[in-house]
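Asks: Take this sequence and fold it.
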Amino acid sequence: MKLIDNQHTRLLAKAMDVYSLRQKMTASNIANIDTPGYNRASVSFEEELQRVEELSIDSRELSSVNPTVTEHDEKPILEDELLEMSDTQMRVQLVTRALRHNYEIMRTGITGRNR
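Replies: Model (predicted):
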């Protein structure tokens, strides 16, 4: 049994990668708001992850879910991009807390001490 490299930590690590990509796309959208001909780009991940989770019992398929970058036929709107950036930051904090909690539980199991 792998303690550190398990399905849960791999999924959380993938989520962190996706959120990093989403932040880059949002930053690009903000940077190019005034660029003529620039179309807004977005990253989708959670919908596909939820779809695979509902369809499969085997949790190994969850790690095969990859993000999708989509270009829309619309200009980016600053307020919407800032909201997207805030939402992504909250998701990053949630995943970070989940990873920290996972490792704290492992440390407690190994050392027998809770801090």
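Asks: quick one: least confident helix or strand in the chain?
Replies: Scoring the helices and strands of the chain by mean pLDDT, DSSP states H and E places helix 46-55 at the bottom, with a mean of 80.
Asks: and the next element down the chain from it?
Replies: strand 68-71 (DSSP states H and E).
Asks: Parallel or antiparallel, list what pairs with that next one.
Replies: Here strand 68-71 has these sheet partners by DSSP bridges: strand 41-44 (antiparallel).
Asks: Could I get the buried residue list for the strand it pairs with?
Replies: 41-43 (16 or more other CB atoms under 10 Å). Where C-beta positions appear, they are placed from N, C-alpha and C, glycine not excepted.
Asks: between the residues you listed, which is nearest Arg113?
Replies: If you rank the buried residues of strand 41-44 by distance to Arg113 using CB to CB, Val43 comes first, at 40.3 Å.
Asks: Looking at the spatially closest residue to that closest one that is not a sequence neighbour now. What's its pLDDT?
Replies: Nearest non-adjacent residue to Val43, counting by CB to CB, 6 or more residues apart in numbering: Arg22, 4.2 Å away. As predicted, Arg22 sits at a pLDDT of 96.
Asks: ok, Arg22 to Pro76 distance?
Replies: In this view, Arg22 and Pro76 are 14 Å apart by CB to CB, to the nearest Å.
Asks: What degree of burial does the residue nearest to Val43 show, as a neighbour count?
Replies: By other CB atoms under 10 Å, 23 other residues sit near Arg22.
Asks: gap between it and Lys14?
Replies: 13 Å.
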